[in-house]
Structure formats: structure tokens, C-alpha cells
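Trainee: Structure for this input, please:
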Amino acid sequence: MAAVGLAVAANPVQAETTAPEAGTGPPETGAIILPTGDEIRLTADGPFITEPGAAGDAAFHTSREPDGDRLVVPVAAVPALAAGEFSLAQFNIDALTRLGVTDAREPGTAALLEAAEAEVSPQGGEPALVAVDFTALWPDGSAPDATFLRWIDVDTGEYTSAIVDGGSATLELAPGHYQMVPSMDRYEETATIAGVLDLHVDADPEPVVFDGAAAVPAGFALDRETEPQAFEYTAFSYLPGTQDGVQGGMFGGGEWDLQVVPTDFDPESREVGMELRQEFTSPADAPEPYSYSLYGSHDEGIPADAVFRVRDEELARLDMDYDSMGVDAEMYRVNLAVHDVRTMSGYLDSGPVELPSERTEFYTADPHLSWSHIGVMGLGAEEAPTADVMHRSGVLKPGSVTEIGWNQGPVTVGVDLAGAAYYLPRFYRWEDADLLLTNPSMHSSGSPDEAVNTYDTPGQTVLAQNGLGVNKSEYGGSLATELALVPAGRYTLYSESYRNVSWTDLGTASTAEWSFDTAPSGDDVALPVSVVDFDAEGIENGYADADAVQQVELDYATQPGAEQQVCTAMTFEVSYDDGATWTPVAIDRDGNHATAELVHPAGAEFVSVRFTAADEAGGTVAHSTIRSYGLR
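Mentor: Reported below is the predicted structural model:
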């Protein structure tokens, strides 16, 4: 039998992560290049996005370490990983992010990651080990191409992973009680078989066989004809009501043959089973487009029938109205199911939508589940900047019908991630990581139900104190500064961002300047910075009626998570010549809320906006956006 290549050392369940080195942190764009050259992009709210629209061979083995870190391994990289060409630590996307590494191919990255991992590995003497023969069999009795193994000692909580080249290996285990999550692949067949095994190892252990002959299909049976877009499955053994334990799965797109082996043991006070998320769209010739975003789980073992049968009336329906942003374009849609206990790895591709268009979307309705939605703009375009248009529908009720509009607000500067599944401030004093993070959204949306995060926009962001620069980046909005450079005091953050893309002619430039106080506190702190949220009526596909008197709403909005501030002053100006000249607009303000009317001059094509505001705590903001929306 071939010797197994251990991918990671055993770790205690409650291992603490190592804080990043000062001056490091999330990359500017959120993009991470894996050792194989595959690129994934971490979203502003944490989960990742792979390139939507990829074929079924764009699949990734996924696992979550006991400390919460995610491993994302391209299926195509398994042979090289099993041969020792890579270490599994190089595919730990959360460790890469903490260390500020955007390209895991850089020399020294593997050693850096393994050193960080060693700091959380258990110390002390190792128990005596015994050899356990492991064999994985494909349903026809042959060996799979490769097998992923993850197992946990249910008594001690220690966790280990391994990769087997083929289907046979000798495992070195201490006597004890284990639960194991095996997953075996056939690459050319784009097929995976997963399961959960219960092992009792003594001084003379029995061979372990994971037999695919017992496997049954896993998936969803639906009322309508569909085409699969993406899926994520996880097989697991957890402590009840937690995500503490062992799990492994796969994240992929398109057609993939997924089967599971039913469990034949008593979970013994553990939650053992499987989860499946999957996205489907209507066939190309459907007269009206629709999609399904589904989640199903079994936690009392994997049953002999692992197909979830779903009816339309059991689901929540969202009627999506997709406006364009002034230009006919294509948006890739991705969704995230947010479970109140079990964390998902990434957004799943829900197929492209044309802008403008409409689509009926069906979602699993469960009190433990909420939904976050992203539309990715500019993916695959020759220019670098892309944008995530973010919405959140939250917990949905069976049979409910909700209308959601996309791209229906003007472009403006924002600090609220309204669409994020997980809270992440734009301005954050991160004491544990020794960083002051600033990442305002320089081309966001004035719609109260929508936020936009734009990546890779050229420009600059400067943190200063008393007129002297502290730190600077060459991107619009994004900056990470060591806290050693930010003692207690008053600071100014200035940012300018420029956008010239094929998918919109709006929001071509934005500037913003904030003044705020910050001081060490010993705790992570969301800073009380604000913007003037701007929403204007009657905008459709990026344009409003030039001849109509337009009502606008202004709100002094402090970023979520910070102490809310009370506005003491606010101004509003508009420009119809891309910022060459500005005209003050009278506003009617009552506290943090104000209204105004716009009467547009004849021949005007675009509306640019500029604001200033101050609050009782002494914070100030001034921001502007060129071509916030158009006129027709």
C-alpha cells in the first residue's frame, strides 16, 4: 500500500489563530492566487467567489479547520498535492489573508504558512501509534484517482487531514475512537463520493474500507426543468449545535456527479451527516427565466435516500428586477446561504443575467437560514475594476413573494455594507491585528437596500494627521495602517477614485474626506464615520426623466456598528458639467434627515453631486461623485 502524505498536523479543536504581522492584512482587491495559479476573490463580507460561469471542471475541495480557517484546493491540484509538490497549508485562504499574501506562489510562502501553523499545533509527547490500513473503492471495485481524508478523535478533539494518491494508504493512528470524512474523486468523470465513517482503533485494528458500491445519489428533485450552475456539499461530524468537529466537502460548478455513502452507525451524541447547497437556472429556451437557490441538510446520519425533494410552494419567491447602470451589460449572480450555526465557504454561481431584465428566483425558506445576494459586474472584462452589487433578503418564509430591485439608486460614496451576510465595518481599529483599516465604498448605491464594493479602482487614499501624511495607497478607498503609526489623536482620510469601465457610464469619479478621532482602547472598534446617503426618485436603468421635478432624500448615516452620530450641519450641491461648476441646492433638514427638489436645466445629461456634513462629536465629511446618474 502507498504511504499516505499527511497534509496538516493534528490541531486541537479550540486552537487560536496567529495574529497577522503588523502592517499586513486583507489584500487591496481581495484576490488571492493559489499555488496552482487559480484565482479566487474574497468578498468584503468574508466568503469567496470563484469565476462565475466556469465549467464543471472548476471544482475545489473545501474544508474548515478547527480554528475556522478555510482550505480551498482545486481538484486538478490533488495529484501534485498528494505527490508532495505543495503543502496543504498553501491553500489556507484565511491564513494567506492574515499574512497579507496575495500570491501563494511567492518564494517562502509555504515556509511562512507552515511556521504560523506550527504555532497552534499541540505540544508535548506523542502517543504510541498503530498502523491502520485504509482502502477506498469506486463502485466498480477499482481505485479512485485520489482520496481526501479528514478525521477527528471524538474524545480529545484533535483533527488531522491527509491526501491519498489513489485509494490505498496506511494511516498512523493512536488507539481511540475516531470519526472520519472521506471523499474520493474520478477526475474525467467529474464524480465524487463522500461519506462519514466511525472507527474504533485498538492495538490490532481492523482494516478500514470506504466502499463506493453502497453510494447513493445526492441532490435535489424539483418541479421545473433546470440546468445546474454550482454546488457545495459538506459531510461532517460535529458536536451538537456547533461547528466543532470534522468536515470536508467540495465547491464546484456545472454538471458534477455527487454521491454519498449512507452511514450505518449510531452518531453517539454527535451531529453526523451532510449539507448540500445548489444553484439551478432555467433552460436557455425557457420563455421566462427562473432560478433556484437551495439548501438541504441531514444531521442524524446520511440516509439511504439522500435526494431532497422540493416543491415550489415550499420555497420563498423573489421577483428580481435587474436594472442596468446606463449600459446594457451582463451581471453574474451569486448567492450565499447563511446558516445560524454552520458557516458556508463561498458564494455559489447562479448564472448570468442580462441588464436590464427580470428573473423569478426561488429560495429555501428555513428559520435557521438567511440569504445574501451579489451581482458581479465587469468580471472577465479587459479593464481591471469590478464591482459587487450587494443585497440581503435575510430569513425567508415559505410561500412568500418579495420584489427586489437592483441598480435602482444613484451612484454615491458609502460606508454601509447593506448587502453583506456578515458585518464588516468600512473604518475599523483592529487591535488584535495591529491595524487601522479604511475601505469606504467610493462608487456605492444610494438605494437603502443595496451596497456596492468596487475593486481595483485607480486613485489614491491618504491618512494624515496635522497635515502630515501617515500612510498612502494607490487605490481608491482601500488602506491598511499599522496602529503604531496611529496613536490617539485626530486624523483625516482623503480618498479619490476613478472608474472607466465598459459596463457603466456612471460614477466615473468620486472623492471623499473624513476627519475623525481615534485612540487605543484594547478592543476592536468600528469608527463613528459617516456619509450623506443620497437617494433620488425615478431612476431606471441609471437615468431619470430630465423634465420632471425630482424629489431627493438625504440621510446622515454613521457606519453600522459604530456609535450613531447626530448631524449638526449639511450642504448639498449639484453639477451638470461633470464637476466644472457647482450649484448649491436648498435642503429641508430635520436632524439626520433632509429632503430637496431638483429642477434640471435644459440639455443636462448627467447629475453630479457633492455634500458636506458635520456631527455633534466633531466628525466631518465631504464627498462628491461625478455622474451619479443620467438624465433623459
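
Trainee: Residue 134 bridge partners, please.
Mentor: residue 169, residue 208 (DSSP bridges).

Trainee: Would you agree it is in contact with residue 151?
Mentor: No: using Cβ atoms under 8 Å, residue 134 is not in contact with residue 151; the gap is 10.0 Å. To be clear about C-beta, it is placed using only N, CA and C from the backbone, and glycine gets the same treatment.

Trainee: Would you point out the helix or strand in the chain whose mean pLDDT is lowest?
Mentor: strand 5-11 (a mean of 32; mean pLDDT, DSSP states H and E).

Trainee: Just give me the residue right at the centre of the protein.
Mentor: In the chain, the residue lying closest to the centroid (Cα atoms, centre = their mean) is residue 47, at 2.2 Å.

Trainee: after the least confident helix or strand of the chain comes which helix or strand?
Mentor: Sequence-wise, the next helix or strand downstream of strand 5-11 (DSSP states H and E) is strand 31-33.

Trainee: who does the next helix or strand after that next one pair up with?
Mentor: Next along the chain after strand 31-33, taking DSSP H and E as the criterion, comes strand 39-42. According to DSSP bridges, strand 39-42 has the following sheet partners: strand 31-33 (antiparallel), strand 48-49 (antiparallel).

Trainee: and among these, the most buried is which?
Mentor: strand 48-49 (a mean of 22; mean count of other Cβ atoms under 10 Å).

Trainee: Now mean pLDDT and distance to residue 371 too, for the strands paired with strand 39-42, in CSV please.
Mentor: Listed next are those as CSV, based on pLDDT from 0 to 100; distance: least, Cβ to Cβ, whole Å:
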stretch, mean pLDDT, distance to residue 371
strand 31-33, 85, 25
strand 48-49, 86, 16
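
Trainee: any chance of the ones you listed in CSV, with distance to residue 352 too?
Mentor: Formatted as CSV, the strands paired with strand 39-42 follow (distance: least, Cβ to Cβ, whole Å):
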stretch, distance to residue 352
strand 31-33, 21
strand 48-49, 14
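
Trainee: and of the ones you listed, who's closest to residue 451?
Mentor: Checking these against residue 451 by Cβ to Cβ gives strand 48-49 as the closest, at 15.7 Å.

Trainee: Pull the residues that contact that closest one.
Mentor: 40-43, 70, 72, 93, 334, 345-347, 374, 376, 388 (Cβ atoms under 8 Å, 6 or more residues apart in numbering).

Trainee: out of these, what pair is the most spread apart?
Mentor: 70 and 376, at 19.8 Å, using Cβ to Cβ across these.

Trainee: Tell me which strands the helix or strand hosting residue 621 pairs with, and in which orientation.
Mentor: Using DSSP H and E, the element containing residue 621 is strand 620-631. Strand pairing for strand 620-631, determined by DSSP bridges: strand 509-518 (antiparallel), strand 543-544 (parallel), strand 606-615 (antiparallel).

Trainee: So for the shortest one, mean pLDDT?
Mentor: So the one you mean is strand 543-544. Here strand 543-544 scores 98 as its mean pLDDT.

Trainee: begin at 40 from here
Mentor: In the new count, where the first residue is 40, that last one comes out as strand 582-583.

Trainee: what does it contact?
Mentor: With Cβ under 8 Å, 6+ apart, strand 582-583 has contacts from 365, 575, 576, 577, 589, 646, 668, 669, 670, 671.

Trainee: Excluding sequence neighbours, find me the nearest residue to the residue of the chain positioned farthest from its centre.
Mentor: Computed with Cα atoms, centre = their mean, the maximum C-alpha offset from the centroid of the chain is found at residue 243, amounting to 45.5 Å. Of all residues not flanking residue 243 in the chain, residue 169 sits nearest, at 7.8 Å (Cβ to Cβ, 6 or more residues apart in numbering).

Trainee: what bridges to that neighbour?
Mentor: residue 212.

Trainee: OK, contacts around it?
Mentor: By Cβ under 8 Å, 6+ apart, the neighbours of residue 169 are 211, 212, 213, 214, 240, 241, 242, 243, 244.

Trainee: Next, format those as a markdown table and append pLDDT.
Mentor: Formatted as a markdown table, the contacts of residue 169 follow (pLDDT from 0 to 100):
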| residue | pLDDT |
| --- | --- |
| 211 | 93 |
| 212 | 93 |
| 213 | 93 |
| 214 | 95 |
| 240 | 95 |
| 241 | 94 |
| 242 | 92 |
| 243 | 92 |
| 244 | 93 |
